[in-house]
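Trainee: I'd like to go over a predicted model; first the sequence, then the structure.
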Amino acid sequence: METGSILAGRYRVERLLGEGASSRVWLARDTRDRGSVWALKELDFRALAPADRLEALDLFEREAAILIRLRHPSLPRVTHRFAQEGREFLVMERVEGPTLADILRGHGQPLEEALVAAWGVQLCEVLGYLHGLRPPVVYRDLKPSNVMVSVRGPVKLVDFGIARPMRPGRPGDTTAYGTPGYAPPEQYQGRAEPRSDLYALGATLFELLTARDPQPFGFAFPPARDFNPHLSPEMEGLLARCLQVDPAGRPESAEELKIALEERSRQPRHWLARVLFRRPRRPSLRPRRP
């Protein structure tokens, strides 16, 4: 696609924001609403084999159906979808800021416990929202590269490609997808449930607090303080609970995990935490002097 192209008769493509294995995200300006800028997520089916094309379309339609009906500060707002020349598009809120993976990579060492716990609290809030829907929505791909630290508000979950509503009571209620190192064992058996997301959150927090890629550990994570002796025993124990192979051994809900993380987030924060969580100043109501 060329910059300057007009899509759906209104969105002028300005530049490529990112590219994945099966999708691209473009920055686009709405020519019908001056000053309105969106992110267009594109899936191009034309280069895929017929069987892969059907699966990709199914995932994309699932993502669109989920996102359009969701309303939460940590989820990018999606207004609608459209198709053009064999490609599917989602019109989404543009989110600015680094991902947690970017921050960890730039820091080059384990991140501070209070900062990571504060991020964990926000992620528990959005997971609690998703799990509280009827039917519950299991995100299934929580990892540092899918969490963006927005410069204008809370963290955002930025990729819903494999999220799916549960069908309780049916065997194999979710398809076997996931990212090695972050997805729990039951997810590979097609039995993802809300506590599967808590495992992935535990793996995400483990990586941020130890600067260790979780993939080589398989489903047997070592104690987190083996890699970060400055970590509190309480946080190490909380991570161990999240990373239990048996879902019954994990926290019962995102709310339970949030309460535990709130306690860890109250510790004194490093300058990086103060900058990332700095609240924007409210504009003064006093009239300016001439």
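Mentor: Looks like it arrived, so ask away.
Trainee: Can you name the residues that contact residue 201?
Mentor: 120, 123-124, 127, 142, 242, 257 (C-beta atoms under 8 Å, 6 or more residues apart in numbering). Every C-beta, even on glycine, is put in place using the N, C-alpha and C of the backbone.
Trainee: quick one: it is in a helix?
Mentor: Yes - using DSSP: H, G, I helix; E, B strand; the rest coil, the assignment for residue 201 is a helix.
Trainee: Please compute how far stretch 142-160 lies from its chain's middle.
Mentor: Centroid separation for stretch 142-160 versus its chain: 5 Å, with C-alpha atoms, centre = their mean, to the nearest Å.
Trainee: oh sorry, the question was meant for stretch 245-256
Mentor: Counting by C-alpha atoms, centre = their mean, stretch 245-256 comes out at 19 Å from the chain centroid.
Trainee: Tell me who's in contact with residue 96.
Mentor: 150-152.
Trainee: Equivalent analysis for residue 109, please.
Mentor: Contacts of residue 109 by C-beta under 8 Å, 6+ apart are residue 211.
Trainee: what about it, is that helix, strand or coil?
Mentor: coil.
Trainee: Roughly how far does it sit from residue 97?
Mentor: 21 Å (C-beta to C-beta, to the nearest Å).
Trainee: Pretty sure residue 227 sits against residue 110.
Mentor: Yes - Residue 227 is within contact range of residue 110, at 7.2 Å (criterion: C-beta atoms under 8 Å).
Trainee: who's more crowded, the two?
Mentor: A count of neighbours by other C-beta atoms under 10 Å puts residue 110 above the other of residue 227 and residue 110, at 20 against 14.
Trainee: Correct me if wrong: that one contacts residue 226.
Mentor: No - applying C-beta under 8 Å, one finds residue 110 not in contact with residue 226, separated by 11.8 Å.
Trainee: Would you enumerate the residues in contact with residue 42?
Mentor: 1, 23-26, 87-89.
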